[in-house]
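**Student:** predicted structure and sequence below. I'll ask about it afterward.
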Amino acid sequence: YVKTIVLDSPGGSVMDALEIGALIQEKGLATEVAAGNLCASSCPIIFASGAERRASPDAAIGLHQIYAASLGEAAADAFAVAGVAMADAQAMTARITRHLTKSGVDPALWLHALDTPPDRLYYLSAEEMQRLQLVTQMIEN
């Protein structure tokens with residue numbers, strides 16, 4: 001009986017977002033971000049997964065770089081952790097790009113995330129959402 005997932009989220013785990021997105025695709029559900037709602041960080045990955053993707057021009061949809069906290073204390077540990085984190089981030093970017101492509105969204109969308117530091121958000125305009133095929137329909141609400 002669920003047909004549409006309405007999103008209002010500051011984001012979270014990218015891995016979880018990809019798994020939720022795969023489930024949305026499997027079930028053929030629509031996604032929506034209403035006026036005044038926030039869909040940020042990893043949330044746009046979930047939004048992009050909808051068979052239909054509806055958003056209000058007054059919705060806030062924002063992206064930023066993925067990141068991981070450093071676990072080592074020594075300089076050598078920091079270099080090792082940084083190397084692994086960089087490899088993981090590149091592999092994750094490839095997964096996100098494949099997911100966006102499968103969803104029918106222009107993978108150039110993710111360039112805004114790659115350009116935006118993790119402590120900031122790049123908010124997409126209604127025109128960008130349409131041009132990058134993130135939305136299938138702009139809604140007024």
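**Tutor:** Alright, I've got the coordinates.

**Student:** what's the neighbour count on Val87?
**Tutor:** For the record, residue 87 is Ala, not Val. 10 (other CB atoms under 10 Å). Just so you know, the C-beta spots here come from the backbone N, C-alpha and C atoms, and that holds for glycine as well.

**Student:** hmm, I typed the wrong one, I wanted Ser9.
**Tutor:** 17.

**Student:** who are the contact partners of it?
**Tutor:** Residues counted as contacts of Ser9 (CB atoms under 8 Å, 6 or more residues apart in numbering) are 38-40, 43, 46.

**Student:** now Gly21: phi and psi?
**Tutor:** Backbone torsions of Gly21, given as degrees, to the nearest 10, read phi -60, psi -40.

**Student:** what separation do you get for it and Pro10?
**Tutor:** 17 Å (CB to CB, to the nearest Å).

**Student:** quick one: which of the two has more around it?
**Tutor:** Gly21 (24 against 12).

**Student:** which one (most neighbours) among the contacts of Ser9?
**Tutor:** Cys39 (28 neighbours).

**Student:** that residue: which element?
**Tutor:** Using DSSP states H and E, Cys39 sits in strand 38-40.

**Student:** from the chain's centroid, how far away is the helix or strand just after that strand?
**Tutor:** Of the helices and strands lying after strand 38-40 in sequence (DSSP H and E), the nearest is helix 43-47. Distance, stretch centre to chain centre, for helix 43-47: 4 Å (CA atoms, centre = their mean, to the nearest Å).

**Student:** how about stretch 86-96?
**Tutor:** 13 Å.

**Student:** ditto for stretch 8-23
**Tutor:** For stretch 8-23 - counting by CA atoms, centre = their mean - the centre lies 8 Å from the chain centre.

**Student:** could you do stretch 89-97 as well?
**Tutor:** That offset, for stretch 89-97, works out to 12 Å (CA atoms, centre = their mean).
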